[in-house]
Structures are given as C-alpha cells and as structure tokens.
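[1] below are the sequence and a predicted model for it; my questions follow.
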Amino acid sequence: MRKLAIVILAALALTAGSAWADGGARVVEVVGEASTLVSPTEAVVVLGTSAEAPAAAKAASRCAAQAQRLLVAIKKAAGCSECISTAGYRLEPVFEWDKSRRTRRLKAYRASNYFRVVLAAGPEVARVIDAAVAAGATEIKGPWWRVRARQKLLNKLMAKAVANARARAEVLARAAGVKVGKVVEMRLMGRAHPPGRAYLLSGPPAREPTPVVAGMRRITLRVMCVFELE
C-alpha cells in the first residue's frame with residue numbers, strides 16, 4: 001500500500017508540470033502563449049504562362065512571346081516594375097503513353113515562365129490577377145499574405161508569452177505552497193503561425209472582377225520556460 005501511494009504522488013507531481021532539476025533544485029516547466037490578430041499589408045502572387053511545341057526551341061520561342069505580353073500587362077496593372085521578378089523558368093519534355101508498344105514516347109516540349117509580384121494588400125491584387133488572365137496567364141499561385149515589421153510584432157508576442165508562462169507557473173506554485181524563482185531554461189516552440197495564403201486556379205479569362213479579400217490573420221507564439229521553485 002505504501003508503494004502504491006508513492007507511485008500515485010509521483011504521477012500527480014508530473015501532471016502538475018514540476019520536476020527535479022539535475023542539480024537537485026525543484027523546478028516547474030510551463031508553456032506560455034501569446035497571440036494577436038493582424039491585417040496583412042502585402043501580398044505575393046506568382047503568375048505564369050506555358051507553351052508546347054514539337055521542338056524545344058519552338059516551345060521556348062512561343063513561351064517567350066506569351067511571357068512578354070504577360071509581363072507588360074502585369075507592369076501596367078501593378079503600376080511598378082521593381083515589384084516584379086522572375087520566379088522560375090522550365091523547359092521540359094512531355095511524354096505520352098504508347099498503348100501498342102506499352103512504353104512512353106516523346107509527345108512535345110513544354111516551356112514555362114513565372115513572375116513573382118509583391119503588392120500592397122489592396123485592390124491592386126485583384127487588378128493584377130485579372131490583367132494577367134486576360135494577357136494569357138495559364139497558372140496563378142497565391143496570394144500569400146505578409147505583414148510588414150513582422151519581427152517587431154513577434155518581439156512583442158515573445159515578451160507576452162514569457163509573462164504568460166510566469167503567470168501559469170505562479171498558479172501551479174501557489175497550489176503547491178511554493179514560490180516561483182528565476183528562469184533556468186527557455187526556448188521558442190516551433191514557428192509563429194504564418195499570415196496565411198489562398199490559391200487561385202488557372203482558367204479562362206474572367207468576365208467578372210476576381211474577388212480577393214485579405215481578411216485578418218491570427219499570429220500565435222509559444223515559449224517553453226523552466227522556473228526554479230523556492
């Protein structure tokens with residue numbers, strides 16, 4: 001019976017989040033959390049076009065002409081050129097299945113060109129997307145919403161998370177009849193939640209303006225703290 005009581009008390013101690021440090025000091029380990037809602041300030045969109053042809057050079061030439069039209073349309077809709085950069089270029093073979101020979105055979109070559117555009121989180125996003133579709137874009141990814149001065153925001157959340165961790169530790173300490181001392185270990189847990197992203201699928205030219213809404217995004221930060229118990 002005495003042995004059973006000792007086991008139960010040990011389990012309760014672990015559930016409360018307290019333990020013995022290597023040096024023999026009593027400690028309590030808690031996770032502090034802080035979060036906030038933010039409005040994205042920037043949007044990133046990737047717009048691309050592709051072309052196929054029997055020869056690689058022909059596919060590249062067709063794609064280049066389409067990409068040039070797309071680039072002109074993006075610059076005009078975005079109202080800037082410095083906000084645009086090449087996100088990627090691909091030239092690859094396209095195969096099809098030959099049923100009679102039960103093997104793959106070369107069908108054509110496909111060239112693809114992608115542009116990355118960084119915009120303010122406003123009506124410019126929908127305007128650029130619609131302009132790109134009208135200019136022949138065959139693939140659109142995004143928008144990915146971002147927040148300017150993100151590190152400053154994360155610094156504030158870290159301070160709040162540590163304060164939250166101490167408050168939780170004090171609740172446990174009071175219940176155990178002890179006091180919380182200094183922090184002996186501390187680390188961030190994982191990554192803060194990203195502002196978020198949305199996907200738009202490629203399709204025929206839009207007859208109605210594309211609705212794009214940034215909305216609010218929640219950013220959450222967690223920190224693990226180990227406090228000495230006095």
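    Here it is on my side, so go on. Numbers count the residues shown, from 1 in each chain.

[2] please make it C-alpha for all contacts and neighbour counts, starting now.
    OK.

[3] C-terminal to the lengthiest strand in the chain, what's the next element?
    Criterion DSSP state E: the longest strand present in the chain is strand 103-120. Downstream of strand 103-120, the next assigned helix or strand under DSSP states H and E is helix 123-134.

[4] would you mark the buried spots in that following helix?
    Of the residues in helix 123-134, 124-133 count as buried by neighbour count, 16 or more other Cα atoms under 10 Å.

[5] just stretch 144-162 next, same as before
    Applying 16+ other Cα under 10 Å to stretch 144-162 flags 144-147, 154, 157-158, 160-162 as buried.

[6] starting from Ala59, give me the distance back to Ala77.
    To Ala59, Ala77 is 27 Å away according to Cα to Cα, to the nearest Å.

[7] excluding chain neighbours, what is closest to Ser81?
    Distance criterion Cα to Cα, 6 or more residues apart in numbering; nearest residue to Ser81, sequence neighbours excluded, is Lys75 at 5.7 Å.

[8] distance between the helix or strand harbouring the one you found and the chain's centre?
    Taking DSSP H and E as the definition, one finds Lys75 inside helix 56-78. Averaged C-alpha coordinates place helix 56-78 at 29 Å from its chain's average position (Cα atoms, centre = their mean, to the nearest Å).

[9] now it: buried residues?
    Burial within helix 56-78, assessed by neighbour count using 16+ other Cα under 10 Å, is assigned to 56, 58-60, 62-64, 66-67, 70-71, 73-75, 77-78.

[10] so what touches it?
    Applying Cα atoms under 8 Å, 6 or more residues apart in numbering, the external contacts of helix 56-78 come out as 48-53, 81, 84, 91-93, 108-113, 115, 119, 124, 127-128, 131-132, 135-137.

[11] same deal with stretch 168-182?
    Residues from elsewhere that reach stretch 168-182 (Cα under 8 Å, 6+ apart): 16, 28-30, 32, 166, 227-230.

[12] how long is it end to end?
    Termini of stretch 168-182 sit 14 Å apart (Cα to Cα).

[13] how about that stretch: buried residues?
    Buried-residue list, stretch 168-182, by 16+ other Cα under 10 Å: 168-170, 172-173, 179-181.

[14] so which of those residues are in helices?
    Judged by DSSP state H, those include 168-170, 172-173 as members of helices.

[15] fine by me, thanks again.
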